[in-house]
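>>> Turn this into a model:
(chains A and B)
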Number of protein chains: 2
Amino acid sequence: MPATTSLIPTRVNPDLEKERRAATFSVEEFQCWWHGGADKLNEKREIETYLYKDLRDGHLHDYLSHEDLYHLAVKDVTEASVKLRKLQKLRNPGGDNIWPKKLYNLPALLPAHHPFATHITMFVDVIYSQGTPEQIEKFGKPAANCNIIGTYAQTEIGHGTNVRGIETRADYDRATDEFVLHTPNLQAYKWWPGGLGHTANHAMVVAQLYIDGKHHGIQMFIVQLRDLETHMPLPGVDIGEIGKKLGMAGVNQGFLGFKRVRIPRTNMLMRNAKVLPGGKFVQSPASRLNYMTMVFTRCLIVNLSYDCLLQAATISTRYSAVRRQSPINSSDPEPQIIDHVTQQQKLFPEIANGIAYRITGQHMWELYELTLKEIANGDYTRMADMHIVACALKVLSTTDGSFGVERLRLACGGHGYLTSTNFSTLYGNVIAAYTYEGENTVLLLQIGRYLVKTWTQLTQGKKMSPLAAYLAEIYDKPEIAAWNDSRSYLVKLLQFTAANKTRLAFENLTNRVNGGQTLEEASNNTGIELTQAAELHGRQFVASAFLEQITVAKKNQRSVALNSVLENILELYLVQTVLRHMNDILRFTPISDANLRSLQNRLELSLKKLRPDAVAICDGFDYHDRVLNSTLGCYDGNVYERLFEAAKKSPLNQKPVPDSFEKYLKPFLKSNL
Amino acid sequence: MPATTSLIPTRVNPDLEKERRAATFSVEEFQCWWHGGADKLNEKREIETYLYKDLRDGHLHDYLSHEDLYHLAVKDVTEASVKLRKLQKLRNPGGDNIWPKKLYNLPALLPAHHPFATHITMFVDVIYSQGTPEQIEKFGKPAANCNIIGTYAQTEIGHGTNVRGIETRADYDRATDEFVLHTPNLQAYKWWPGGLGHTANHAMVVAQLYIDGKHHGIQMFIVQLRDLETHMPLPGVDIGEIGKKLGMAGVNQGFLGFKRVRIPRTNMLMRNAKVLPGGKFVQSPASRLNYMTMVFTRCLIVNLSYDCLLQAATISTRYSAVRRQSPINSSDPEPQIIDHVTQQQKLFPEIANGIAYRITGQHMWELYELTLKEIANGDYTRMADMHIVACALKVLSTTDGSFGVERLRLACGGHGYLTSTNFSTLYGNVIAAYTYEGENTVLLLQIGRYLVKTWTQLTQGKKMSPLAAYLAEIYDKPEIAAWNDSRSYLVKLLQFTAANKTRLAFENLTNRVNGGQTLEEASNNTGIELTQAAELHGRQFVASAFLEQITVAKKNQRSVALNSVLENILELYLVQTVLRHMNDILRFTPISDANLRSLQNRLELSLKKLRPDAVAICDGFDYHDRVLNSTLGCYDGNVYERLFEAAKKSPLNQKPVPDSFEKYLKPFLKSNL
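As a prediction, the model looks like this:
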């Protein structure tokens, strides 16, 4: 709970208290389940209590200039790092040095974001995973200890998704046993790396390697950018930040150009590919392992997405229980807006989406661990499937997460437009992930091409991997059973439709190839249908995994009451997902008007059933008030007082008359235009 | 064209030149048609040349603190006002004093928005339309001349859409012949009025009128807020700004509370309802006229929406013609990304949407003028229809406009995340309109209830107004003709589906009423279906009006080549709109798989046909570079140079080492955590 001021009552809003009393299940049980047990929940809470005391106002940075905000972000991140280190010494003395990792996701400590993000998530990891023991000693350890700060410089102003297109060169100079890093033109400037602007003093630079003018693919090079004492850019290094963005204010993304900058040969990461003294190039034996790093990052993004979505859902649901507006019966008083069915339709489906991605994401992490184990035993069969599933969940969770956050903001009416509600920050975070680590359409096309290839293999009688087994079933028996009202039937509908969308894309692509187009041209021209098939492949995965996880796996570890709530959420998720894809479902399946009416009834009934539990479900996520950082989302529901208090803090409100009155406004008013 | 600096080439990007040469129609003809003739186009350009010379950097404000941004917005708006006044003296000496109106929509002069918006669009107008001649003399004229600045204070922190719920009171005091304005609690604080924070010295306050404790509805009161010399808030006036928002940075929205503030009785607007000396209340004879003001405002919002959408489409389309990425055939060089079909699918439907709302909006303005004329002759029959159409277009255009702007931003990959592209400003502008002047869901419910009422009248054999005639036709003959490939058939599909969605909502609502619910409860419980019927009612209106305007009305005034392009756009609009509602269409109509394949073919074909014309169509809107204010959208297509130039202007980039290095970062790096 945040410190109270005179303006904010100490009592919880009675409407919220009423909601909490009326819940049909134990919130404590939900919280324990959600956080993996009572011990973990308690640990989380203790850590939060420790970390979140004495924090600055969570919206101070909203009012600063771009430059001052950067300074504050540096202050925040260095203080947070010290705090986390102390915490580790308290809770895990002598243990693994895990503290910097925690910086990745601590919005309460770093509400303006921070310029160490890429250092922590990429620079350190890449050295440890792809550097030699000497490189880990020389660069990895000081980086892990934050004696040097790095970034990961891959994308260029003219080159993003297509990594092969980058133009930064590293030419080997045999005379000095060095690489010469060079930026041949403006388009080849590095652009976007976090912390690169004014924070990092090193970079992991991705460049085209040339030896004696011969190209040896893309390699990674550790380059020092700034003097460690003065922080001045080193000679030949043109560096700065790329300007203001719609979100991630404190990340300090930068640009970087090289004018023939020399680094020792040993600064190329050489765990895999190598350049020997004298310039002999040794090819990498294992490209497959890097592949799993990409999968790992995309799994992390799924976590980010559902987290943003459920934070937004918590804010919007609590506000909807407190806000009163527009009588339902004209003679009655204004109800809580959560009693309007159209409001429920804005809130509850997002709660269901967020929970679905959380549950399915956990399942994906299990598959990920399994895949790693199999790879360690030399079995690569699951890897392609794993890659496709991670892509699909990355795309769906960032898309639904982003537009879900925005729908939830809009569900708060005008007030959602205020930054003190934190919606714009959540949106800025999640929508960025729509683009980074594989732009969503590019990923959908990859999935679509995989599906068509898979369908081709079916026509050739090949065996399917587990995650594509449903395609084989439907290929073998291309009919769907008669309608029934079970939840598994809804999953079958999605699978049947996904398979048929894949078949359609396959047919149209094949026709184009038969008509004389190259496979690539045909893929481009079938692009719309490929992305649609890909989306449905992802949907059926989420729907079937969610169904399995709620109704079978570990069901017995939860009380009847909790399972009943989770089944309501599952029901809403499945019904809305089927309704959402009804344009395709109706194309391939004979569904009667009565079936459609029954779905609408189920939708309305699931909203009605969730109504008394909605606030308690959001309490179940156990978001700390400092994490939500929202005037509308606070646990106590004192929303108007908090809105008012936040407004009062605006620097403009510290003087009754602003300086511009005498300077601009008064002369104008008196000028008799 | 903006001034060039050393960094930016004077040449137009060759890819854009190539696009312009390849267009199948005359851009000049498009521009003239779009702007209502060559004379108007030339006038627009002359005015732009005059107004946009010597403007400040269009993104300067992105880097300022909230407080400094406000000061800059005041400077901008006062300078712009002077400039517009001079312009009027040049071009229309002695003519109507129309200059302040122009401030409403001049993004190039006011890129950070401005705190006079509500003064101009509401305060002045409301006095002129609802004030007495004495009030116009005393307040209206000085307001129109900007000697006083007002705002319109209606919504309260706890009361938005439901105006009847507001709590600010105006009690008549017979002893002094005054009203006493009072804010009874925090929820009753006025909240959101533009310019209220630190700019306006007057407000039009909407309050509950009481005389001798008896309630006389909601009335409007002119209240002076600040001293005209010192700008200090007057006694009893608690005033300030509401804090930072996700957009509209310079609008200076404020809060306002009254502690028994007294104003003369004659400050109540009394053209309609009146309070006489001594306290006798005289009811307003004409509430219907205010109704048309609401309609007018919503029509204006349609203009705002398509304008934002088409600006975003221009930026994104030009960038897509310049950006090269991801080979289609792996051996080829990287193509312009506009050659990827999935990219076309992101761009062209938004162009089509924007044009559809522009064309349909113009038709709506004609209906609006007609309705006003009929009202002047005592004929009110068209008014309800007009209201419903304005609501529907407001909802659809702001929804499609907002999410369209965002889709277009995402179509620019990472770079769209930079504020220098102007996407975030466009989004902030258009998404605000999703909520203001009638929150979209609230409006959809109004439309839905109107539709159900209309259907009830059909069951009673009543005659339909022109805009509901399609419902009567389908009610009388509830079948649809067999599929054909005409465009009018696509409109028929939408109408047939809209009518059936209305019927469904009517049936379900009626069943609920028959089951014992009040009409209001039943409406709430049928809310989801009511909003869906409402959306389709809007869609069929846009589709049929767009079809009519392009293929019949004034067709002969355009060349064959231009009509051919417009028909492609119409085709894409209709096909995509039908595909978008296929979930409902398939429910009510027997469409074969072959029909669906033909629609997909038509979609793909229309994208292909638009490909060579896309850049030229955007040129046809004739947006000035200062209006687009975008590094990616400039006419010359020198996008990388402009991105770089914009980044270089960031204040953080003016020093090689930021101040926070010595203060925070260096001690931290050296601390050996």
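>>> any idea how far stretch A:361-370 is from the chain center?
Put simply, stretch A:361-370 sits 17 Å off its chain's centre (C-alpha atoms, centre = their mean, to the nearest Å).
>>> Do me a favour and average the pLDDT over it.
Averaging pLDDT along stretch A:361-370 yields 95.
>>> now stretch A:259-277
On average, the pLDDT along stretch A:259-277 is 96.
>>> and A:Ala432, that's in a helix?
Yes. Counting by DSSP: H, G, I helix; E, B strand; the rest coil, A:Ala432 falls inside a helix.
>>> In contact with it, which residues are there?
A:Ala432 makes contacts with A:247-248, B:417, as judged by C-beta atoms under 8 Å, 6 or more residues apart in numbering or on different chains. (C-beta placed from N, C-alpha, C; glycine too.)
>>> what does A:Cys412 give?
A:315-316, A:319-320, A:323, A:421, A:423, A:632 are the contacts of A:Cys412 under C-beta under 8 Å, 6+ apart.
>>> Now stretch A:74-92: buried residues?
Within stretch A:74-92, the residues that count as buried by 16 or more other C-beta atoms under 10 Å in any protein chain shown are A:74-81, A:83-85, A:87-88.
>>> Of those residues, which ones also sit close to chain B?
A:74-75, A:78, A:81, A:85 (C-beta under 8 Å from any C-beta of the partner chain).
>>> What is the nearest of these to A:Gln576?
Ranked by distance to A:Gln576 (C-beta to C-beta), those are led by A:Ser81 at 42.3 Å.
>>> so the closest one touches A:Asn147, yeah?
No. Using C-beta atoms under 8 Å, A:Ser81 is not in contact with A:Asn147; the gap is 12.0 Å.
>>> thinking again about what came up before, quick check: helices, which of the buried residues of stretch A:74-92 are part of them?
Of those, the ones assigned to helices by DSSP state H are A:74-81, A:83-85, A:87-88.
>>> Could you export those to TSV, including columns for pLDDT?
Shown next, in TSV, are those (pLDDT from 0 to 100):
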residue	pLDDT
A:Val74	97
A:Lys75	97
A:Asp76	96
A:Val77	95
A:Thr78	95
A:Glu79	94
A:Ala80	93
A:Ser81	90
A:Lys83	90
A:Leu84	88
A:Arg85	85
A:Leu87	87
A:Gln88	83
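>>> which among the residues you listed gets closest to B:Asn653?
B:Asn653 lies nearest to A:Val74 out of those, by C-beta to C-beta, at 16.0 Å.
>>> ok, that closest one - contacts?
For A:Val74, the contacting residues are A:114-115, A:199, B:658, B:660, B:664-665, by C-beta under 8 Å, 6+ apart.
>>> can you rerun that using 7 Å?
Shown in contact with A:Val74 (C-beta atoms under 7 Å, 6 or more residues apart in numbering or on different chains): A:115, A:199, B:660, B:664-665.
>>> Check A:His581 too.
Residues counted as contacts of A:His581 (C-beta under 7 Å, 6+ apart) are A:494, A:497, A:536, A:539.
>>> ok, and the residue nearest to the last one when sequence neighbours are not counted, which helix or strand is that part of?
The shortest distance from A:Arg539 to any residue other than its chain neighbours is 5.5 Å, reached at A:Leu494 (C-beta to C-beta, 6 or more residues apart in numbering or on different chains). Following DSSP states H and E, one finds A:Leu494 within helix A:487-514.
>>> And the strands in the stretch 1-150 of chain A, which stretches?
Counting by DSSP state E, counting those that start in this stretch, the stretch 1-150 of chain A has no strands to list.
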